[in-house]
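**Student:** got a structure for you, letters missing:
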């Protein structure tokens, strides 16, 4: 029972962090998706047909950064004795990214290129979270950075529940699991939108600190 409760909490935390980071970078870093990186294809294509300059091509840089992050996560996992080590590095990178953002602002060198740098380190952090989800799938109730699959499963479960009622305990449990991921991500998106608009990329410190606390709790 304790293990199951832990999975619920970890799932909620990771989905909130992914939604938060994805929205913060989109709002405060020139419409860059850091968690759902394939969304950058859409932004890139739109900006190109609108006659954008080199800034549109920056969106494509998220893909090699993401790939390198996932490969790095796989290497870390091979050597780590604690499966939550990936989350430690993710949290540390997010905290340092937030601190860097504030330092750049304080030194008055917060240019568009420093914004892109912080955005890319956030993409790297999200790549580590994606690697965690693939390598340790049983630690969460589903993907924590992309909601399409979760919404699909929730829709299938809802259809079965509408047809058969609440008698099928397994379907009902699956539906609840998907709701946790979807609602967690949505909450993170709202918080990230507010933080990104009013406080900027420096607020990446918050999800980073939350991730480090999660690692500390699971360090044994």
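**Tutor:** Cool, the structure landed. Nothing here was measured: the structure is a model prediction, and the numbers come from that model.
**Student:** For the helix or strand containing residue 150, give the mean pLDDT please.
**Tutor:** In the assignment (DSSP states H and E), residue 150 maps to helix 148-164. In this model, helix 148-164 has a mean pLDDT of 93.
**Student:** Could you name the helices and strands sitting against the next helix or strand after that helix?
**Tutor:** Moving toward the C-terminus from helix 148-164, the next helix or strand (DSSP H and E) is helix 169-198. Contacts defined by 3 or more C-beta pairs under 8 Å, 6 or more residues apart in numbering; DSSP states H and E place helix 169-198 against helix 2-28, helix 148-164. To be clear about C-beta, it is placed using only N, CA and C from the backbone, and glycine gets the same treatment.
**Student:** which parts of the first one are buried?
**Tutor:** With burial defined by 16 or more other C-beta atoms under 10 Å, the residues of helix 2-28 counted as buried are 7, 10-28.
**Student:** got it, and the shortest one?
**Tutor:** In terms of neighbour count (16+ other C-beta under 10 Å), helix 148-164 has its buried residues at 150, 153, 154, 157, 160, 161.
**Student:** just the residues you listed now: which is nearest residue 70?
**Tutor:** Distance to residue 70, by C-beta to C-beta, is smallest for residue 150 among these, at 19.7 Å.
**Student:** shaky segments in the protein?
**Tutor:** Residues of the chain that meet the criterion pLDDT under 70 lie in 1-5, 110, 220.
**Student:** which among the buried residues of helix 148-164 gets closest to residue 122?
**Tutor:** Out of the buried residues of helix 148-164, the member with the shortest distance to residue 122 (by C-beta to C-beta) is residue 150, at 21.7 Å.
**Student:** hang on, the closest one packs against residue 142?
**Tutor:** Yes. Residue 150 is within contact range of residue 142, at 5.0 Å (criterion: C-beta atoms under 8 Å).
**Student:** got any residues that touch both of those two?
**Tutor:** 178, 181 (C-beta atoms under 8 Å, 6 or more residues apart in numbering).
**Student:** Any idea how many residues pack against residue 106?
**Tutor:** Per other C-beta atoms under 10 Å, the neighbour tally for residue 106 reads 10.
**Student:** Tabulate the buried residues of helix 148-164 in CSV, adding columns for distance to residue 215.
**Tutor:** Listed next are these as CSV, based on distance: C-beta to C-beta, whole Å:
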residue, distance to residue 215
150, 24
153, 28
154, 29
157, 31
160, 37
161, 36
